Each structure stands twice: as C-alpha cells, then as structure tokens.
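Participant: here's my sequence, what's the structure:
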Amino acid sequence: MMTSTVPLTKVDPATPGYAKLRQQAKDLEGVFLNTLTKQLFSSLKTDDKNFGGGFGEETWRGMQAEQLANNLADQGGIGLADQLMPTLLRMQEA
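Facilitator: Sure, this is the predicted structure:
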C-alpha cells in the first residue's frame, strides 16, 4: 500500500507569539469540528419513542456536539491546527 503525505512546515515553539497563535489555531479547529459534529448529529433520526424528541433533545445534542468537538481538538484534533500554524505566523509577521 502506497501512501503520500505532504510534510508540514516546522514551526519553532520559541517563535514570539507562538502560544497565543497555537491556541487560536486549536480554537478554530474546535469551531470546525463543532460544525461538523452538529451536522453529523442532525442527520440522526430520532422520535418520541427513542429519545424523547423535542426541544430538550435538540439542546442536549448541540451541547454534546460542542463537548465532543472540544475534546477532539484538545486531544490533537484532525491536524487542522498544525496546518494553520505556518499561515498564522506569516500573517502575524506581515
């Protein structure tokens, strides 16, 4: 099996402003994952006999999606934050 990967630009953690930019990149990844998980949850069919339905379930699903997305981002996410870091650093330098 052959796989190809594009190497990420190495970002030096000693770069001024690195910690703040890293947190912003993680936050952005969290927002993306939140949107993704909300869409995934919205595709699940529920009705009154399975989960109760209604406003309460809708609210709970939104909170569940948000928590799941935040946990995914905190555990390294899908690599989006790592890919954003070089661009964020270039923007900061400009």
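Participant: pretty sure Arg22 sits against Ala81.
Facilitator: Yes - taking contact to mean CB atoms under 8 Å, the distance of 7.1 Å between Arg22 and Ala81 places them in contact. (Glycine included, C-beta is placed from N, CA and C.)
Participant: what about those two, which has more around it?
Facilitator: Counting neighbours by other CB atoms under 10 Å for Arg22 and for Ala81 shows that Ala81 has the greater number, 22 against 19.
Participant: where does this protein have low pLDDT?
Facilitator: Across the chain, the ranges flagged by pLDDT under 70 are 1-9, 46-53, 94.
Participant: show me the strands in it, by range?
Facilitator: Defined through DSSP state E, the strands belonging to the chain form an empty list.
Participant: look up how far Phe32 lies from Leu40.
Facilitator: 13 Å (CB to CB, to the nearest Å).
Participant: can you tell me the closest non-neighbouring residue to Leu80?
Facilitator: Once its chain neighbours are removed from consideration, Leu80 has its nearest residue in Glu29; the separation is 4.2 Å (CB to CB, 6 or more residues apart in numbering).
Participant: apologies, that question was intended for Asn70.
Facilitator: With CB to CB, 6+ apart as the measure, Gly30 is the residue that lies nearest to Asn70, at 5.3 Å, once sequence neighbours are left out.
Participant: surely that neighbour touches Gln67?
Facilitator: No - with contact defined as CB under 8 Å, Gly30 does not count as touching Gln67 (10.5 Å).
Participant: settle it for me: which of those two has more neighbours?
Facilitator: Higher neighbour count among Gly30 and Gln67: Gly30, with 20 against 12, using other CB under 10 Å.
Participant: ok, the more buried one - contacts?
Facilitator: The contact partners of Gly30, by CB atoms under 8 Å, 6 or more residues apart in numbering, come to 69-70, 72-73, 77.
Participant: show me what counts as buried in the longest helix that the chain contains.
Facilitator: As assigned by DSSP state H, the longest helix anywhere in the chain is helix 18-42. Taking 16 or more other CB atoms under 10 Å as the neighbour-count basis, helix 18-42 is seen to contain the buried residues 18, 21-22, 24-26, 28-30, 32-34, 37-38, 41.
Participant: and these, which two are furthest apart?
Facilitator: Using CB to CB, the two most remote members of the buried residues of helix 18-42 are Tyr18 and Phe41, lying 34.0 Å apart.
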